[in-house]
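The following comprises the amino acid sequence and a computationally predicted model.
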Amino acid sequence: MATTPAAAPPQQASRAATWAMAVLFQVAIIGYFAGVAYAYKRSIIPSFFTSNVVSVPPPRPLRLWASFGVYMSLAFLIKSYVDLFLPRTPAAVQRRFTRIGICAVCVGALNATVRVVLLVGVKSSRVLLGCTCGVAASIVGLLVFWGCLGAKYGGADPPIYYV
């Protein structure tokens, strides 16, 4: 009877490499979303520095785009935080968060919604507001999930209070 060899242990990146990836994710995501927002705003209003335009609110599609950027940045921040500061988090929880929170929700559902709304050029403020609120609700869900992870897997010892 043939036996299968034991699976190799997963490769763990060094703490410095994990920190570097955490910073790189944030810089890349924020830079990408800010760059696209700037290009979009620049195509609508020729200059940010014109004196005849005193205060122009950002176009509604930019609010949706910014909300999507906040979700993506927060999702990768949580992933990096778990890798760096919550070592007791099971690998299954980390994999599920990556598959569901980042791949399915962020790259799948929210990305498709934002792209369709922005590419079609939806002008209805109700549709844009509804989609923006949907992304905002997803952000709140991420924050709650992050709090639950911290409460369950964070801190090895109870705090010590000195009187």
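Done, it's in. Note that the coordinates shown come from a computational prediction; the quantities given were computed from them, not determined experimentally.

where exactly do the helices run in this structure?
15-44, 60-85, 91-96, 111-120, 125-153 (DSSP state H).

which of those is buried the deepest?
Comparing the helices of the chain by mean neighbour count (mean count of other C-beta atoms under 10 Å), helix 60-85 ranks first with a mean of 19. (C-beta placed from N, C-alpha, C; glycine too.)

which residues touch stretch 113-132?
60-61, 63-65, 67-68, 134-135 (C-beta atoms under 8 Å, 6 or more residues apart in numbering).

Quick one: the helices of the chain as CSV, columns for distance to residue 103 and mean pLDDT too.
Converted to CSV, those look like this (distance: least, C-beta to C-beta, whole Å; pLDDT from 0 to 100):
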stretch, distance to residue 103, mean pLDDT
helix 15-44, 15, 88
helix 60-85, 10, 91
helix 91-96, 10, 93
helix 111-120, 10, 87
helix 125-153, 14, 92
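
Over to residue 89: give its phi and psi.
phi -70, psi 130 (degrees, to the nearest 10).

Identify the residue nearest the geometric centre of the chain.
residue 72 (2.1 Å; C-alpha atoms, centre = their mean).

How much space separates that one from residue 87?
25 Å (C-beta to C-beta, to the nearest Å).

And for residue 100?
Counting by C-beta to C-beta - residue 100 and residue 87 are separated by 21 Å.

more crowded one of these two?
Neighbours were counted for residue 100 and for residue 87 using other C-beta atoms under 10 Å; residue 100 has more, 13 against 10.
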